[in-house]
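Student: Have a look at this fold, sequence not included:
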């Protein structure tokens, strides 16, 4: 069974440009989460999808960030326009609806560098 | 709000010895879950162990055990018989169980280095 995949693995862009990150969850996982870790800080929650619906987007930092999950499969996270403080590692995770621990399986992350 | 505190930025342990990584938490949720993840230098987040707040017994998964002390709000990870491959960042995390509260809250992590 394939794990959570993320694309690209690295992205280097200039301030003001747009970047789109993609996450493919484990097949059959309805829950999809986005997290990020900016330099030297803790991993922070961004938002949570259940299928195609946004269950919780309380962690989105501002309106420069837009997440979508059309069709309830893969998700994209767009940053437009990117700022220097957006640099960090963006993780995606997925989990099943049912399950004792609702363990979240993480992808390898996308390292974003904004110059 | 939920908060996870990991007070050990870095730890050293000799190969084959046991090590305890500290984690304390704070939450207003009545039911919650506690997790430990390992992040090796390659960057992926690997799930290690889970403890439910109403579980009466401490969780164990192979060489990993979670020392859960609910009254003290602590969820320390114990790694027995350390191996060189255990060198990594370790994150303690928690989440609620109610809809809309299932996002993980992470601590700042502990970097463990296992010495031969």
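Tutor: The structure has been received and is ready for your questions. This structure is a prediction, so every number in the text was calculated from the model and none was measured.
Student: For residue 73, which residues are in contact?
Tutor: Because you didn't say which chain, this covers chain A. Residue A:73 makes contacts with A:24-25, as judged by C-beta atoms under 8 Å, 6 or more residues apart in numbering or on different chains. For every residue, glycine as well, the C-beta is placed using N, CA and C.
Student: Chain B was what I was after
Tutor: B:24-26.
Student: any chance of those in JSON lines, with distance to chain A and neighbour count too?
Tutor: Formatted as JSON lines, these follow (distance: C-beta to the nearest C-beta, whole Å; neighbours: other C-beta atoms under 10 Å in any protein chain shown):
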{"residue": "B:24", "distance to chain A": "15", "neighbour count": "17"}
{"residue": "B:25", "distance to chain A": "13", "neighbour count": "20"}
{"residue": "B:26", "distance to chain A": "14", "neighbour count": "12"}
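Student: what sits opposite the residue positioned nearest the centre of chain A in the beta ladder?
Tutor: Geometric centre of chain A, nearest residue: residue A:34, 3.2 Å, by C-alpha atoms, centre = their mean. Beta-bridge partners recorded for residue A:34 (DSSP bridges): residue A:47, residue A:92.
Student: these two touch, right, it and residue A:67?
Tutor: Yes. In this structure, residue A:34 is within contact of residue A:67 by C-beta atoms under 8 Å, at 6.2 Å.
Student: where are the low-confidence patches of the chain?
Tutor: I'll assume chain A. Along chain A, segments meeting pLDDT under 70 span A:1, A:98-102.
Student: Get me the contact residues on chain A for chain B.
Tutor: A:31, A:33, A:35, A:41-45, A:48, A:55-56, A:59, A:89, A:91, A:93, A:95, A:100-109, A:111 (C-beta under 8 Å from any C-beta of the partner chain).
Student: returning to that earlier point: anything in contact with each of residue A:34 and residue A:67?
Tutor: Shared contacts of residue A:34 and residue A:67, counting by C-beta under 8 Å, 6+ apart, come down to A:46-47, A:75, A:77.
Student: Residue numbers of chain B in contact with chain A?
Tutor: That would be B:33, B:35, B:37, B:42-47, B:50, B:52, B:91, B:93, B:95, B:99-109, which are the residues of chain B within reach of chain A (C-beta under 8 Å from any C-beta).
Student: Which ChimeraX command selects the buried ones in those residues?
Tutor: For the buried members of the residues of chain B next to chain A, the matching ChimeraX selection, counting by 16 or more other C-beta atoms under 10 Å in any protein chain shown, is:
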select /B:33,35,37,45,47,50,91,93,95,101,102,103,104,105,106,107,108,109
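Student: Name the nearest residue to residue B:96, ignoring sequence neighbours.
Tutor: Distances taken as C-beta to C-beta, 6 or more residues apart in numbering or on different chains put residue B:29 closest to residue B:96, at 4.3 Å, once the chain neighbours are dropped.
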